[in-house]
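*Asks:* How does the following fold in three dimensions:
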Amino acid sequence: MKKLILIGIILVAAIYLFTTNSPKQIDSGEVVQLTNLPWQIEVDDKGNSTVFGQTLGMSSLGDFQKKVGADAAIKLFRNPDNSLSLEAFFKKIILARITSKVAIKLQLSHDELIELEARGINKKVTPTGNYEIELPRTAGAELLDAKIAVITWSPTWLRLDDEMVTERFGSPHEIIDAEESVQHWLYPKLGLDIIRKPRNKVTLHYISPNRFETVREELIAQQKKKADD
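*Replies:* Numbering: from 1, shown residues only. As a prediction, the model looks like this:
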């Protein structure tokens, strides 16, 4: 019962952040401007974006871990197209005052990724067809300076309907249907892909606007492949 009450309080607080017209709160009698919220995306004149206080392509894994006070689980993947990608996962953290899951794609050179793969100690196939390569425990500490390329944020309890999304982010530039009952709301100027799932579940995928076209291209390719199948 206490757990249900706590979840209810978290939900109310999270929904307040998305629906209130004023992003301010009273703290010790002072008005405090809320910052680092999911819709507070800053884009510079070079097309680099900053969200949650992290500038994509410039801030590091160490910067993010310091912000959230938690260490990531580091995973290396050999993808179906034979490319390598390195990701940092946070299973349960508080971000933007909301209990969240976060995945961060890290920016390493091809040679650095190949070197990491050579140090892998185990390999297994994931449900998506990737090979997940287990890295030595020391890898996390060695990768603190790796730059953040992409942030994927999934609020654990929060549900957002169409009105709540458009109130904070505006109308999407384009909507692409993915698998059944899943839509991608694309905001290229913000570098944001909002993945809409059944029962108003959402995942927010942040990538700098100067690289956002790759997101759209991948979605169109997936859509075409599905049609061909």
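
*Asks:* Residues contacting the strand or helix carrying T99, please?
*Replies:* When elements are assigned from DSSP states H and E, T99 belongs to strand 98-107. For strand 98-107, contacts defined as C-beta atoms under 8 Å, 6 or more residues apart in numbering pick out 10, 14, 17, 57, 61, 64, 68, 72, 85-95, 143, 146-158. For glycine as for every other residue, the C-beta is placed from the backbone atoms N, C-alpha and C.

*Asks:* Which of those are buried? Put it as a ChimeraX command.
*Replies:* Typed into ChimeraX, the line below selects the buried ones among these, using 16 or more other C-beta atoms under 10 Å:
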select :10,14,17,57,61,64,72,85,86,87,88,90,93,95,143,146,147,148,149,150,151,152,153,154,155,158
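
*Asks:* what about the closest residue to N36 other than its chain neighbours, how many residues close to it?
*Replies:* Nearest in space to N36, with sequence neighbours left out and distances taken as C-beta to C-beta, 6 or more residues apart in numbering, is G53 at 4.6 Å. Using other C-beta atoms under 10 Å, G53 has 12 neighbouring residues.

*Asks:* Please report the distance of G53 from D63.
*Replies:* Counting by C-beta to C-beta, to the nearest Å, the separation of G53 from D63 is 8 Å.

*Asks:* Kindly report the same for K101.
*Replies:* For K101, the distance to D63 (C-beta to C-beta) stands at 19 Å.

*Asks:* quick one: strands adjacent to the biggest strand by length in the chain?
*Replies:* Longest strand in the chain, counting residues (DSSP state E): strand 84-95. Neighbouring strands of strand 84-95 in its sheet, by DSSP bridges, are strand 73-78 (antiparallel), strand 98-107 (antiparallel).

*Asks:* In JSON lines: those strands, plus mean neighbour count.
*Replies:* What follows is these, written out as JSON lines (neighbours: other C-beta atoms under 10 Å):
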{"stretch": "strand 73-78", "mean neighbour count": "19"}
{"stretch": "strand 98-107", "mean neighbour count": "20"}
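
*Asks:* now those in JSON lines, with mean pLDDT?
*Replies:* Below are the strands paired with strand 84-95 laid out as JSON lines (pLDDT from 0 to 100):
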{"stretch": "strand 73-78", "mean pLDDT": "94"}
{"stretch": "strand 98-107", "mean pLDDT": "95"}
